[in-house]
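>>> Please work out how this folds:
(2 chains)
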Amino acid sequence: MDDLTDLGIAQIRDGFRAGDFTAREVAEAFNTNVAMGRGLNAFIVETPEHALAAADAADQERSEGAVRPLSGVPLGIKDLFCTEGVQTTAASHILEGFVPTYESTVTERLFLAGAGMLGKLNMDQFAMGSSNETSHFGNVLSPWRRNDGGNAPLAPGGSSGGSSAAVSARLAPGATGTDTGGSIRQPAAFTGISGIKPTYGRCSRWGVVAFASSLDQAGAMARDVTDCAIMLEAMAGFDPKDATSLDLPVPEWEAGLSSDLRGKTIGIPKEYRVDNMPREIDALWERGIQLVKDAGANVIEVSLPHTKYALPTYYIIAPAEASSNLARYDGVRYGLRDLPDGANLQDMYAATRADGFGAEVKRRILIGTYVLSAGFYDAYFTQAQKVRALIVRDFAEAFEKCDLLLTPTAPSAAFALGEKADDPLAMYLNDVFTVPSSLAGLPAMSVPGGLDQAGLPLGLQVIGKPLDEQGVLNACLAIEERAGFTARPGEWW
Amino acid sequence: MSVDETTVRKIASLARIAVSDGEVAAMTGELNNILTWVEQLGEVDTAGIQPLAAVVPNQLRLRDDVITDGDIRDEVLANAPQAEHGFFAVPKVIE
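Presented below is the predicted three-dimensional model:
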């Protein structure tokens, strides 16, 4: 048998069912890669025993003639998902040592589907960041290197950078991610893998450490479109424990996959042609347009006039919601407590939060507190919610003329760690193409489209109408089949 | 609207985050940069537009009026930095 870690989710599932190998062999192979890949710093906690236990259960069930949808498949789990009995920190100091007594709905569904867990994946602290440089547990390194021989350590993207690095480096066949403003799609693009954020409400947020509740949505990250469809199908579904969960059946996305785009109209939003966009990104976009045309789609230009305001809108709404959500970290019920000598309760809160939150998290809590404070609420927060309504309307109007939208995922390939760390605004601009669809709650996916001159992956993004994950997956499958992206990082770690 | 150091101290106090003098100076600059940038939203004409409340139309559900999470005191307290007699313990609030 060739290296089992070269297999994706569908291949593992099918090979396991066919009896080509045991689930234990798969789990052991990935556990080995996880241990060999420690130089990437992709995992905060490794759970080889969890992966083995799920594998042994799968092997036992197979011998009894019963298999589940993800039997035999071990996965990486972003450290934002609470996992019963396994430390969950959101890559923060304030939650260091927190061991949930409950399981997030998404991980519960994955485990009930037969999947095992390889470990908890590193990320930007509280999912705030685009480079994985805000983790309390150190940067994740991208497995990719530029072909200039310089070996500069590159960002795996954020916030799901541990997830993207692990999948790209073959430490896991798939991983959960969460996306608030692009945190699945941008890291997927940077590391040459696929990642889908479904419609807001498709996946339960119960047990997922909250960043910005009206935006946060879990999704799947894997090597290809089919694997994403399989994984998302297991993750999604109604959950009475999440008031924003959609009470709708989960479509059979894998069975519905088709790369035939005849009869589909794909819109190209003209406002996404931003100033100073690298020529390579423009060329990638043109290539994507050609690929969907080759698959039979009709391509038209559409307008999303409020695109320019999406990013500032996001950087009011997300911090506002974060300042509220992160108020729960006060040193009383869980996590860190910093109690200086003679301190009263207020001093304890302030000291705990000063010590427990990283710089980017504090910055966003302060911005959020400011825009929600008396005197500024209407000027900032209410205005942002109105502009958000206009952004949603832009998409609705565009979708009267087309079925899907095609854009680049990010304005550049992966940048070097440290390159943008001291300029928050420059860092925020990474998410310029992914934030608008997050604000509108739309399904959106990144799929590899090609390489830049330095040999780094570039992603194309497909955005769909609410609940049209199938359309998004199909268009990405059409791109995947025609782009012929087979590059993978050399194993230097 | 320009943010000064007094305002940053006030926001930090509202957010219950202790800040040193050095941090206040640095944050004042950063917050001003970001707030100046987001102020471009003021140029958007939003007359007659209702602020967005929910991104995906979804009917608010009411659950049955029954206790669904009771009788797990020890689980609730399991991660408490300090728990005594089945309660969360905090520094003295009233002398």
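
>>> can we go C-alpha only for contacts and neighbour counts from here?
Will do.

>>> residue ranges for the strands of chain A, please.
Listed in chain order, the strands of chain A (DSSP state E) span A:43-46, A:74-78, A:116-121, A:174-179, A:194-197, A:217-222, A:265-269, A:298-302, A:404-408, A:444-451, A:457-464.

>>> Can you tell me which of those is most buried?
For these, average neighbour numbers computed from mean count of other CA atoms under 10 Å in any protein chain shown are highest in strand A:194-197, which has a mean of 34.

>>> Just the residues contacting that strand, thanks.
With contacts defined as CA atoms under 8 Å, 6 or more residues apart in numbering or on different chains, strand A:194-197 is touched by A:178-179, A:184-185, A:188, A:217-225, A:228, A:443-448.

>>> partner strands of that strand, parallel or antiparallel?
strand A:217-222 (antiparallel), strand A:444-451 (antiparallel) (DSSP bridges).

>>> Send me it as CSV with only the CA atoms.
Provided in CSV are the C-alpha atoms of strand A:194-197 (Å, rounded to 0.1, in the frame of the first residue of the first chain):
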residue,chain,number,x,y,z
SER,A,194,-10.3,23.9,-0.8
GLY,A,195,-12.5,25.4,1.8
ILE,A,196,-16.2,26.1,2.0
LYS,A,197,-18.1,28.5,4.3
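
>>> Need phi/psi at A:Val67.
phi -130, psi 150 (degrees, to the nearest 10).

>>> An error on my part: the question was meant for B:Met27.
Phi and psi for B:Met27, reported as degrees, to the nearest 10, are phi -70, psi -30.

>>> Can you give me the neighbour number for it?
Residues within reach of B:Met27, counting by other CA atoms under 10 Å in any protein chain shown, total 23.

>>> And for the one 4 residues further on?
Neighbour count for B:Leu31, taken as other CA under 10 Å: 21.

>>> Kindly report the same for A:Phe81.
28.

>>> shouldn't it be in contact with A:Gln87?
No: the criterion here is CA atoms under 8 Å, and A:Phe81 misses it with A:Gln87 at 10.0 Å.

>>> A:Trp420 touches A:Met427, doesn't it?
For residue A:420 the amino acid is Lys, not Trp. Yes: between A:Lys420 and A:Met427 there is a contact under CA under 8 Å: 5.8 Å.

>>> now the strands for chain B?
B:83-84, B:87-88.

>>> Out of those, which one sits most buried?
Scoring those by mean count of other CA under 10 Å, the most buried comes out as strand B:87-88, with a mean of 14.

>>> how about the strands of chain B in a markdown table, adding distance to chain A and mean pLDDT?
Shown next, in a markdown table, are these (distance: least, CA to the nearest CA, whole Å; pLDDT from 0 to 100):
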| stretch | distance to chain A | mean pLDDT |
| --- | --- | --- |
| strand B:83-84 | 9 | 96 |
| strand B:87-88 | 7 | 96 |
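
>>> could those strands go into CSV alongside distance to A:Ala475?
Putting these into CSV (distance: least, CA to CA, whole Å) gives the following:
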stretch, distance to A:Ala475
strand B:83-84, 54
strand B:87-88, 52
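
>>> between those strands, which gets nearest to A:Arg205?
When the strands of chain B are compared by CA to CA, strand B:87-88 sits nearest A:Arg205, at 26.2 Å.

>>> That closest one - contacts with which helices or strands?
Strand B:87-88 makes packing contacts with no helix or strand when contacts are defined by 3 or more CA pairs under 8 Å, 6 or more residues apart in numbering or on different chains; DSSP states H and E.
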